[in-house]
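Undergrad: What shape does this take:
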Amino acid sequence: MTDASRFACEALDEANAPALAALFERVESNCYCAYWHFPCDKNAWLARLAFEPQENRRELLERARTPPRGVIARLTDGIAIGWMKLEPAAQLPKIYEQRVYRGISGLGAERAGVWTVGCFLVDVSFRHQGVARAMLRHGLELACAAGATSVEAFPRRAEGVRDEELWTGPLGLFTSEGFAVVHEQSQYPVLRRDLSVVPRPSL
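TA: Okay, here's the model as predicted:
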């Protein structure tokens, strides 16, 4: 188990963004959490991953200048071991435009006050040790402090899949942290957490 005192969760900002970029490099992911912001089609995205990953890195560092963007988990020596994308729903319309969610009424893209969990990334050496849970809890506090009314999540319901395939977060993590299913859709349920029950942290 990872000693929780060895790492801390904090909002992504310009100062810690290079540590997050280093995490993506360490796990050999050319995404740099740019997918939900990429406006072109799948083929263009694959070309970006193969030939222009530095553009994804540049955009990550640029977006970090204007939080909120998400939660980063770092060891006491500053090395990033985890990342959770969390933004106002209006900033992540691409999620809501996915075929499996398109046309569902009442989702966050249609109203103010809703934030969205976009993805998780935890260094393989620190998985199943509470890092994702710590980031989610910290993210709920940040969203609440910023005036969000609820947080939506889009986990995949599946058995026997690899951790890497659960990049939008495991279903059990969300349900154990108070998220409720608001739209049942086989492998792709939509979950929501009402933030009125999350204590607002003193700032």
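
Undergrad: Tell me the buried residues in the longest helix seen in the chain?
TA: Across the chain, the longest stretch assigned as helix under DSSP state H is helix 131-145. Buried residues in helix 131-145, defined by neighbour count with 16 or more other C-beta atoms under 10 Å: 131-132, 134-136, 138-145. Where C-beta positions appear, they are placed from N, C-alpha and C, glycine not excepted.

Undergrad: what's the closest non-adjacent residue to W83?
TA: Sequence neighbours aside, L121 is the residue nearest to W83 in space, at 4.5 Å (criterion: C-beta to C-beta, 6 or more residues apart in numbering).

Undergrad: which SS class is the one you found?
TA: Three states are possible here, and by DSSP: H, G, I helix; E, B strand; the rest coil the one that applies to L121 is strand.

Undergrad: I'd say it and R26 touch.
TA: No: with contact defined as C-beta atoms under 8 Å, L121 does not reach R26; the gap is 10.5 Å.

Undergrad: which one of those two has more residues nearby?
TA: Counted by other C-beta atoms under 10 Å, L121 and R26 do not tie: L121 has more neighbours, with 25 against 14.

Undergrad: Next, the contact list for that one, please.
TA: For L121, the residues meeting the contact criterion (C-beta atoms under 8 Å, 6 or more residues apart in numbering) are L23, F24, V27, S29, C33, G82, W83, M84, W167.

Undergrad: Filter these down to the buried ones.
TA: Buried positions within those, assessed by neighbour count (16+ other C-beta under 10 Å), are L23, F24, S29, C33, G82, W83, M84, W167.

Undergrad: Pairing-wise in the sheet, spell out the partners of the residue lying closest to the last one once chain neighbours are set aside.
TA: It refers to W167. Excluding its sequence neighbours, the residue lying closest to W167 (C-beta to C-beta, 6+ apart) is C119, at 5.1 Å. When assigned by DSSP bridges, C119 has beta-bridge partners K85.

Undergrad: where does A15 land in three-state SS?
TA: Assignment for A15 (three-state DSSP): coil.

Undergrad: Helices along the chain, start to end?
TA: Residue ranges of the helices in the chain, as given by DSSP H, are 17-26, 42-51, 53-63, 93-96, 131-145, 171-176.

Undergrad: low pLDDT regions in this protein?
TA: When residues are selected by pLDDT under 70, those of the chain lie in 1-4, 108-110, 197-203.

Undergrad: how much space between D123 and R58?
TA: Taken as C-beta to C-beta, to the nearest Å, the spacing of D123 relative to R58 amounts to 22 Å.

Undergrad: Over to V27?
TA: In terms of C-beta to C-beta, V27 sits 19 Å off from R58.

Undergrad: Also R133?
TA: To R58, R133 is 31 Å away according to C-beta to C-beta.
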